[in-house]
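Visitor: Got a sequence here, can you model it:
(chains A and B)
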2 protein chains.
Amino acid sequence: MSGKSIIDMVCPVPFTTSNTVLLGHGSGGKLSNDLVRDVFLPAFGNPELAQLNDQAVVRVGQSRIAITTDSFVIRPLFFRGGDIGSLAVHGTVNDLAVGGALPLFLTAAFIIEEGLPMDVLRRVAQSMQQAAKAAGVRIVAGDTKVVERGKGDGIFINTTGIGLVPEDLNLSADRAQPGDVILLSGSIGEHGIAILAEREGLEFESALQSDSAPLHELCAAILSASTSVRCMRDLTRGGLSSAMNEIAAQSNVGIELNETAIPVRDEVRGACEMLGLDPLYVANEGKLIAIVPPDVAHSVLRAMRANPRGENAQIVGRVTGSLPGLVTMKTPLGTSRIVDMLAGDQLPRIC
Amino acid sequence: MSGKSIIDMVCPVPFTTSNTVLLGHGSGGKLSNDLVRDVFLPAFGNPELAQLNDQAVVRVGQSRIAITTDSFVIRPLFFRGGDIGSLAVHGTVNDLAVGGALPLFLTAAFIIEEGLPMDVLRRVAQSMQQAAKAAGVRIVAGDTKVVERGKGDGIFINTTGIGLVPEDLNLSADRAQPGDVILLSGSIGEHGIAILAEREGLEFESALQSDSAPLHELCAAILSASTSVRCMRDLTRGGLSSAMNEIAAQSNVGIELNETAIPVRDEVRGACEMLGLDPLYVANEGKLIAIVPPDVAHSVLRAMRANPRGENAQIVGRVTGSLPGLVTMKTPLGTSRIVDMLAGDQLPRIC
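Guide: Here you go, the predicted structure:
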């Protein structure tokens, strides 16, 4: 997990001054943050959006409702372990689930490039339905637009989800406190490396595949194990590093990770070394972190390990009062390094 | 409103057998219907989606919630009377409002083509916010993806909206009954012709502009005037004709329109004659139809006319028991013609 190549990739240019939108603005890293803070928050500013959680929780009538939206522009459309359809369901289900919501309903909106084979669309729709069924949600509204050849790229899918949030539950990225423990549900980097392998035609000895999966049951298990969970976050674009940096910033705390505790599969480690990538920054689609007070850490860990999506869960770090806003990592050599957020993309169009 | 050119445009080829997605599959006409019925309904089939309303109504906890989604791929991004941002808000607010919901919250998801000027994004975001404020909704969650040059087209925006539906209200496109009266809120075709003019550089003597507007207050006025409204529908892609055909099919009734009663502005009529278009098929973004029992038609009409978005409202037709599924129109000559749904597009990427 050497960070050297990454540090080289972190662009020192103050991108906030960019006059045009760059690919990196869609990366989930610093540039994405800049775009949200410079363009969207000033325009749309309201308390729900300003919390910068993966989902907003609003009251509609008597009910507390979580709502989240995501567009999926991944290429290729089909990959080992999933496709754009299942990914679009998992991504949105997971954003609801990590907010503590019971995922209930999805909408699905398609932007299709003219000329897409109808069979591809059918396969994607069927895959969405299977994923929705497995996650216990229903796709209840949809939309289809078609754009000319060369004005799109196969299929883009937006899924927006709503779920029901228990009255007394408040999970939020601004609730981490010094002393809290950071739990990671399993090994990192598999989605990103699987996609990259598909694009570049890399072969692995074992069949590495995307970890794309629904996390609603794992989240429910975590919340059943303790009523004092601070927050959960699924690790998508920007990987573990982005999620940790966002929480450190929003809670105004330090976060200290322990490199030896973070599970990374050999194929992912090998591919990362070969390609000069750092697994901390590589996208996942079926992993989450939970931040909990120290007294419940072990009971939550046990609950995670009892769930198939969390059987390799580990305690990977802790929240500190020093260095607020900063994420650091203890290396196997006993030294410490800063885990910054990437400016732009390691791998564009990963979700 | 001669239909000749339109009839010529209705393609007799059985498009359902197309092996690829065509531009016309995004038209809101027959091809769009085919795509929904052949691909999406079989995959996602559930009672909410099968109703084919512009919004699904679901129960979340104690609340009845309407949910609707729309992606906007209009070009150009800015036009007389609006832009993609305001349109994306109005379109989704209106889909909620015609379902009888009080629009409350929107999500906004952007797919941006690399290289888009940042100022364009800022203008669009600010326009969305102004439109949201005017419509009484808050944009509470968002997402941004960026795709490479040549893989998108400036900006595509998805907005998904949720609103609260009163317990005892049931509006649906399958509720029209013989004898019911069809009310139209104003003149048709302005959005489509304004966009076409912008694209083609046409000049009008007066400043024709898109009718893009929020209809939530007009809908509330209609529902206040009568508790027996059958359904409302905003007239977007595919125009008045698509909306009427969908309701005729879903309610299994005939619909008879009266051509002389349908308001069309002179500029729209002139442009349509010049271009061989029929205003019945041209998109609107601030007009709706309401179907009501005959005994309340005049009180609902008065309520519509008292609202600025409905001041030119007219009774334009009635529901019949004969010719179920068919929309016909009485011409000024006293003859009758069939108002079929277009197969494909008059004007692609109109919303």
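
Visitor: quick check: domain ranges of chain A?
Guide: Domain ranges of chain A: A:70-94+A:103-165, A:181-338, per automatic domain parsing.

Visitor: right, and the ones you listed - which one's nearest chain B?
Guide: Evaluated over these, closeness to chain B peaks at domain A:70-94+A:103-165, with 3.1 Å, by Cβ to the nearest Cβ. For every residue, glycine as well, the C-beta is placed using N, CA and C.

Visitor: hang on, isn't A:Ala125 packed against B:Ala43?
Guide: Yes. Counting by Cβ atoms under 8 Å, A:Ala125 does reach B:Ala43; the two are 3.8 Å apart.

Visitor: And the helices in chain A?
Guide: Counting by DSSP state H, the segments of chain A that form helices are A:4-9, A:30-35, A:41-44, A:47-50, A:84-97, A:118-135, A:190-200, A:216-225, A:239-251, A:266-275, A:297-305.

Visitor: Does anything pack onto the fifth one? Which helices or strands?
Guide: Read it as helix A:84-97. In terms of contacts (3 or more Cβ pairs under 8 Å, 6 or more residues apart in numbering or on different chains; DSSP states H and E), helix A:84-97 is packed against strand A:63-72, strand A:102-113, helix A:118-135, strand A:155-164, helix A:216-225, strand A:231-234.

Visitor: deepest of the helices of chain A, which one?
Guide: Sort these by mean neighbour count, taking mean count of other Cβ atoms under 10 Å in any protein chain shown, and helix A:84-97 sits at the top with a mean of 29.

Visitor: rewinding a little: TSV please, covering the helices and strands packed on helix A:84-97 and showing mean pLDDT.
Guide: Formatted as TSV, the helices and strands packed on helix A:84-97 follow (pLDDT from 0 to 100):
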stretch	mean pLDDT
strand A:63-72	96
strand A:102-113	97
helix A:118-135	97
strand A:155-164	98
helix A:216-225	98
strand A:231-234	97
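
Visitor: Output the ones you listed as CSV; include the columns distance to chain B.
Guide: Putting the helices and strands packed on helix A:84-97 into CSV (distance: least, Cβ to the nearest Cβ, whole Å) gives the following:
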stretch, distance to chain B
strand A:63-72, 3
strand A:102-113, 4
helix A:118-135, 4
strand A:155-164, 4
helix A:216-225, 16
strand A:231-234, 14
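
Visitor: Please tabulate these in JSON lines, including the columns distance to B:Val39.
Guide: JSON lines is the format used below for the helices and strands packed on helix A:84-97 (distance: least, Cβ to Cβ, whole Å):
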{"stretch": "strand A:63-72", "distance to B:Val39": "18"}
{"stretch": "strand A:102-113", "distance to B:Val39": "10"}
{"stretch": "helix A:118-135", "distance to B:Val39": "5"}
{"stretch": "strand A:155-164", "distance to B:Val39": "12"}
{"stretch": "helix A:216-225", "distance to B:Val39": "26"}
{"stretch": "strand A:231-234", "distance to B:Val39": "29"}
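
Visitor: right, and these - which one's nearest A:Ser242?
Guide: strand A:231-234 (9.2 Å; Cβ to Cβ).

Visitor: ok, residues contacting that closest one?
Guide: By Cβ atoms under 8 Å, 6 or more residues apart in numbering or on different chains, the list of residues contacting strand A:231-234 from outside reads A:54, A:94-95, A:97-100, A:171-173, A:175-176, A:215, A:219, A:222, A:243, A:246-247, A:284-285, A:287-291.

Visitor: ok, now how distant is A:Asp174 from B:Asn252?
Guide: Distance, A:Asp174 to B:Asn252, by Cβ to Cβ, to the nearest Å: 54 Å.

Visitor: Who has more neighbours out of those two?
Guide: The neighbour count for A:Asp174 versus B:Asn252, taken as other Cβ atoms under 10 Å in any protein chain shown, is higher for A:Asp174 (15 against 11).

Visitor: residues touching the more buried one, list them.
Guide: Residues near A:Asp174 by Cβ under 8 Å, 6+ apart: A:51, A:250-252.

Visitor: residues from the stretch 201-350 of chain A in reach of chain B?
Guide: A:348-349 (Cβ under 8 Å from any Cβ of the partner chain).

Visitor: where in the stretch 201-350 of chain A is pLDDT low?
Guide: Of all residues in the stretch 201-350 of chain A, those with pLDDT under 70 make up the ranges A:205, A:345.

Visitor: ok, A:Val253 touching A:Pro178?
Guide: Yes. With contact defined as Cβ under 8 Å, A:Val253 reaches A:Pro178; the gap is 6.0 Å.

Visitor: anything in contact with each of the two?
Guide: A:319-321.

Visitor: What subset of those is buried?
Guide: Neighbour counting with 16 or more other Cβ atoms under 10 Å in any protein chain shown marks A:319-320 as buried within the shared contacts of A:Val253 and A:Pro178.

Visitor: Out of the shared contacts of A:Val253 and A:Pro178, which comes closest to B:Glu114?
Guide: Nearest to B:Glu114 among the shared contacts of A:Val253 and A:Pro178, with distances taken as Cβ to Cβ, is A:Val319, at 36.7 Å.

Visitor: which residues does the closest one contact?
Guide: By Cβ under 8 Å, 6+ apart, the contact set of A:Val319 is A:176-182, A:251, A:253-256, A:291.

Visitor: Next: A:Ala108.
Guide: Applying Cβ under 8 Å, 6+ apart, the residues near A:Ala108 are A:88, A:128, A:139, A:141-143, A:157-159, B:40, B:44, B:69.

Visitor: For A:Gly238, see how far away A:Ile33 is.
Guide: Careful, residue A:33 is Asn and not Ile. From A:Asn33 to A:Gly238 the distance is 9 Å (Cβ to Cβ).
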